[in-house]
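> need a structure here:
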Amino acid sequence: MPGGRLSQQERQQIALGLADGLAYAEIARRMDRPTSTITREVMRNGGPTSYRADLAHRATERRAHRRRQGGTPAARGAEAPPAAYGRDAEAVREYEEQFTTVMMASGLPKMMSRVMAALTLADSGSLTAAELVQRLQVSPASISKAVTFLEDQGMLSRERDDRRRERYVLDDDIWYRSMAASARATARIVDTAREGVDVLGPETPAGVRLENVARFLDFVAENTARAAEQARALLSKPPKAENDENDADDEMD
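Sure, this is the predicted structure:
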């Protein structure tokens with residue numbers, strides 16, 4: 001099995017495979033590469049719908065050049081923060097790029113994705129506006145806009161620290177709130193679709209189509225909300241309590 005960095009020709013193979021609708025595993029099999037290599041390459045460079053072999057190759061060359069120059073200090077002379085817990089700083093930086101790309105592929109705008117990645121990877125789970133500006137090397141206005149958007153979506157909250165600075169926080173309920181918001185948004189589409197059924201007529205082709213949309217999304221919204229509630233309840237228990245409950249279920253079986 002070949003190892004090392006992907007060549008430009010291999011990246012072109014990936015792009016062709018994506019264009020043909022192949023799964024990552026199939027592209028990897030044809031290239032005799034691990035599936036994780038293909039997944040990481042695609043998600044680091046725009047995702048399956050935006051991947052371009054030439055841009056991906058140039059981006060990789062730039063990263064390699066920065067490493068040869070002795071690290072990746074932030075722009076405008078700012079120093080990169082030291083890596084905590086003995087982590088590989090370059091690996092963390094590349095993972096943050098990958099996380100950002102995945103968030104963008106899910107529909108979140110780029111700056112909002114970058115803020116989410118920065119907060120998620122911060123051990124404290126919170127950062128100030130100034131810390132985000134320095135970490136992401138963008139303007140305060142960009143951070144303010146991104147934070148406002150994420151707060152409106154229920155994806156972060158604000159609090160004051162001991163120095164009266166405003167901090168942006170990811171808490172343990174972030175994904176629950178996000179899924180609950182998604183379920184509510186889907187439910188609004190269901191209501192709108194059913195209004196369309198009344199307007200266009202339940203027996204007409206368009207009315208039947210809208211009713212099918214409503215039925216499908218109603219099922220999805222209901223199950224999404226239920227699953228979010230169940231996961232929240234399960235994950236709120238200490239691990240020992242979860243294990244005890246699972247043991248009890250096994251005994252009942």
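> Point out where this structure drops to low pLDDT.
1-3, 63, 65-83, 238-253 (pLDDT under 70).
> Could you rerun that using 50?
1, 72-79 (pLDDT under 50).
> Give me the neighbour count for the residue lying closest to residue 140 once chain neighbours are set aside.
Leaving aside its chain neighbours, residue 140 sits nearest to residue 133 (5.6 Å; criterion: Cβ to Cβ, 6 or more residues apart in numbering). Backbone N, C-alpha and C define where each C-beta goes, glycine included. Number of residues near residue 133 (other Cβ atoms under 10 Å) recorded here: 18.
> Tell me which helix or strand residue 133 sits in.
helix 129-136 (DSSP states H and E).
> ok so, going back, looks like the residue nearest to residue 140 contacts residue 146 (just checking).
No - contact criterion Cβ atoms under 8 Å: residue 133 and residue 146 do not qualify, at 11.1 Å.
> joint contacts of the two?
With contacts taken as Cβ atoms under 8 Å, 6 or more residues apart in numbering, not a single residue reaches both residue 133 and residue 146.
> which residues are in contact with the helix holding residue 133?
Under Cβ under 8 Å, 6+ apart, the answer for helix 129-136 is 74, 78, 81, 114-115, 118, 127, 138-140, 142-144, 147, 165-166, 168.
> Which positions in that helix come out as buried?
131-136 (16 or more other Cβ atoms under 10 Å).
> hang on, residue 18 in a helix?
Yes - according to DSSP: H, G, I helix; E, B strand; the rest coil, residue 18 belongs to a helix.
> mind listing what it touches?
Applying Cβ under 8 Å, 6+ apart to residue 18 gives the contacts 27, 42, 48, 51.
> which ones among those are found in helices?
Counting by DSSP state H, the part of those found in helices is 27, 42.
> Does residue 173 touch residue 233 like I think?
No - Residue 173 is beyond contact range of residue 233, at 11.9 Å (criterion: Cβ under 8 Å).
> if you count what's nearby, which of these two comes out ahead?
Between residue 173 and residue 233, residue 173 has the larger neighbour count (other Cβ under 10 Å), namely 14 against 10.
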